[in-house]
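Asker: What follows is a predicted protein model with its sequence.
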Amino acid sequence: LPLMASAAVERLAEEYGHIRLDRETAGAAVQSRLADLEKAKRSLEKLGPMLDTGSLQRLVNRIRAHGALEKQHHDKLLEIAQLEEPLSSQLERLPLWERPLEELASAQLPLEVTVEGCIQTERELDEKLARVKQEMEALEKQAGELRRQIGLLRTTGAVPSEKDLALARARRDHGWKLVRKAWLDKQPDVAGELEFSPDRPLPEAYEDSVTRADRISDELRRESDRVATIQALESQLGEVEGALEEKGKAEQALHEERQAFYDAWKGIWQPVQVVPLQPQAMGEWLERAQSLVQGYEELKQARVAAEALREQIGQLQGELAKALGAFVEPPRGSLGELLELAGEICEEAAERRGEHRRLTEVVEEQQDVLEKEQARLKAAQEAEQDWGRRWAEAMEAVGLPNSTDAPSALRYLRALDELFKLIDDLG
């Protein structure tokens, strides 16, 4: 046999070992990748269809953006209770008011400036009355002192006054007129005479009036100094009494002004339907009432906020229950409980979508690897086919059948080689 043919068979035999190993390795890898791919596909199928929780998640996010609404509502109810208790206590201690707080809040309370003005007016009236009273007391004291001095002067003996003299002379002149009518004119005035002297004859009565007038005149001349003093004191007393009279009128006018002020003061409070106390006391009352009204406004705002939260919770609770109905049996519970359930559903769906993405990526990766292993197997099979063609040519060159395997062919060639050596040794 040609040496080249023998060497080619040996090379092909050695090459076949590598080719077969590549083919077997590639075939095993393909089978392994096929198994992995089928396993991943079964896991993916086992997950089932993915739930679309997008709208539910958006609703959950929108609700959570409002914060803990039920806690806010609970806190607002606590705030209302904390406002109601002191307001109720303060209302009970507010005098003059027996009606609900709502009516106080809607009442037309006087303005602070109005009440302050009335307090100032009352203070001014009180000060004026106090001054007039003080002045009257001083005048009365002065009048009392003058009367005392006049009394002391009169205790030393009755001292007629100019007024006494004028009255005595007037009586004397009147008596003379009656005498003239009766004696000279012969036309007596019976009624006038009875009035002039009811129990004595006219002549005697007239004579007494003349005597009295003369005596008073004489006494005035004798007691001119004492009389002058008494007259001066009486003149001062008259002035003082006149001043007292004026002060009395001023006091009366102030009382009337004060009464008019109180009538107007009551009118100010008529819309509130209360009988007011003094302005100073009502100023304090108004301050307490305004504090109550302010507290009531805060309470009303808190109640409005609580009601708005309650309505918002109810609305969101209904929306969430309707959305959850697409995933579970019609749910019941508070907004927090429904929100927790929705969160669990969305979280579980997100986990399933994540697992689905992971398995999908595994399937795609296994598919890609399988295709690469299948390509390697195909290349190994093609290499094996090419080797078979070259092996057939080599078997033909050495005179062996195409079906001879490499080990048999190698044994045959080794046997021939030993035979040729033996022939050479014998030759």
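Answerer: Yes, it's here.

Asker: contact partners of stretch 74-81?
Answerer: L299, A302, R303, A305, A306, L309 (Cβ atoms under 8 Å, 6 or more residues apart in numbering). Every C-beta, even on glycine, is put in place using the N, C-alpha and C of the backbone.

Asker: in what helix or strand does the third one lie?
Answerer: Spelled out, it's R303. helix 279-324 (DSSP states H and E).

Asker: Can you name the next helix or strand after that helix?
Answerer: Downstream of helix 279-324 (by DSSP H and E), the next one is helix 335-398.

Asker: and the next helix or strand after that following helix, what other elements does it pack with?
Answerer: Following helix 335-398 in sequence order, the next helix or strand is helix 406-426 (DSSP H and E). If you count contacts as 3 or more Cβ pairs under 8 Å, 6 or more residues apart in numbering; DSSP states H and E, helix 406-426 packs onto helix 3-47, helix 335-398.

Asker: hey, least reliable of those helices by pLDDT?
Answerer: Ranked by mean pLDDT, the helices and strands packed on helix 406-426 bottom out at helix 3-47, with a mean of 86.

Asker: which other residues reach the helix or strand just after that one?
Answerer: The helix or strand immediately downstream of helix 3-47 is helix 54-65, counting by DSSP H and E. The contact list for helix 54-65, computed with Cβ under 8 Å, 6+ apart, reads 69, 316, 319-320, 323-324, 326-327, 335, 339, 342-343, 345-346.

Asker: mind listing what's buried in stretch 188-200?
Answerer: G192, E193, F196, S197 (16 or more other Cβ atoms under 10 Å).

Asker: quick revisit: so which of the helices and strands packed on helix 406-426 comes closest to V275?
Answerer: Nearest to V275, of all these, is helix 335-398, at 52.1 Å by Cβ to Cβ.

Asker: Run the chain-centre distance for the closest one.
Answerer: How far helix 335-398 lies from its chain's middle: 65 Å, per Cα atoms, centre = their mean, to the nearest Å.

Asker: Counting by contacts, list what it packs against.
Answerer: helix 3-47, helix 54-65, helix 69-93, helix 279-324, helix 406-426.

Asker: ok and it relative to helix 54-65, angle-wise?
Answerer: 140 degrees (axes from the mean of the first three to the mean of the last three Cα atoms, to 10 degrees).

Asker: ok, G151 to V240 distance?
Answerer: For G151, the distance to V240 equals 15 Å [Cβ to Cβ, to the nearest Å].

Asker: ignore the last one, S106
Answerer: Using Cβ to Cβ, one gets 58 Å for the distance from S106 to V240.

Asker: Also L359?
Answerer: 122 Å.

Asker: now swap in E234 and tell me
Answerer: E234 is 10 Å from V240, by Cβ to Cβ.

Asker: Can you tell me the closest non-neighbouring residue to the residue nearest to the spatial centre of the chain?
Answerer: Nearest to the geometric centre of the chain sits E298, at 5.1 Å (Cα atoms, centre = their mean). Counting by Cβ to Cβ, 6 or more residues apart in numbering, L83 is the residue found nearest to E298 once chain neighbours are left out, at 6.2 Å.

Asker: pretty sure the one you found contacts E297?
Answerer: No. The pair L83 / E297 is not scored as a contact, 10.3 Å apart, by Cβ atoms under 8 Å.

Asker: If I take the helix holding R303 and helix 54-65, what angle do their directions form?
Answerer: Going by the same axes, to 10 degrees, helix 279-324 makes 160 degrees with helix 54-65.

Asker: which strands and helices sit next to helix 279-324?
Answerer: On a contact count with 3+ Cβ pairs under 8 Å, 6+ apart, helix 279-324 meets helix 54-65, helix 69-93, helix 101-106, helix 112-155, helix 335-398.

Asker: Let's see that with 10 Å instead.
Answerer: Judged by 3 or more Cβ pairs under 10 Å, 6 or more residues apart in numbering; DSSP states H and E, helix 279-324 is in contact with helix 54-65, helix 69-93, helix 101-106, helix 112-155, helix 224-268, helix 335-398.

Asker: coming back round to it: between the helices and strands packed on helix 406-426, which gets nearest to L94?
Answerer: Of all the helices and strands packed on helix 406-426, helix 335-398 comes closest under Cβ to Cβ, at 40.4 Å.

Asker: what is the orientation angle of that closest one with helix 69-93?
Answerer: Using the same axes, to 10 degrees: helix 335-398 against helix 69-93 is 170 degrees.

Asker: dump the residue contacts of the residue nearest to the centre of the chain.
Answerer: E298 sits next to E79, I80, L83, L87 when contact means Cβ atoms under 10 Å, 6 or more residues apart in numbering.

Asker: now the residues you listed as a markdown table including pLDDT and neighbour count?
Answerer: Below are the contacts of E298 laid out as a markdown table (pLDDT from 0 to 100; neighbours: other Cβ atoms under 10 Å):
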| residue | pLDDT | neighbour count |
| --- | --- | --- |
| E79 | 94 | 16 |
| I80 | 95 | 17 |
| L83 | 92 | 18 |
| L87 | 93 | 18 |
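
Asker: if we take those, which one ends up nearest to E371?
Answerer: The closest of these, once distances to E371 are taken by Cβ to Cβ, is E79, at 69.0 Å.

Asker: pretty sure A409 contacts E14?
Answerer: No. Using Cβ atoms under 10 Å, A409 is not in contact with E14; the gap is 11.9 Å.

Asker: May I see the buried residues of stretch 336-345?
Answerer: Of all the residues in stretch 336-345, those buried under the rule 16+ other Cβ under 10 Å are L338, L339, L341, A342, I345.

Asker: nope, stretch 273-293 is what I meant
Answerer: Quick answer for stretch 273-293 (16+ other Cβ under 10 Å): V274, P276, P279, M282, G283, W285, L286, A289, L292, V293.

Asker: What is the neighbour count of E239?
Answerer: E239 is flanked by 14 other residues according to other Cβ atoms under 10 Å.

Asker: dump the residue contacts of it.
Answerer: L139, Q142, A143, L146.

Asker: Restrict the residues you listed to the buried ones and give me that as a ChimeraX selection.
Answerer: Filtering those down to the buried ones (16+ other Cβ under 10 Å) takes a single ChimeraX command:
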select :139,142,143,146
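
Asker: Export the contacts of E239 to a markdown table and append columns for distance to W97 and pLDDT.
Answerer: As requested, those are exported to a markdown table (distance: Cβ to Cβ, whole Å; pLDDT from 0 to 100):
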| residue | distance to W97 | pLDDT |
| --- | --- | --- |
| L139 | 46 | 94 |
| Q142 | 50 | 94 |
| A143 | 50 | 93 |
| L146 | 55 | 91 |
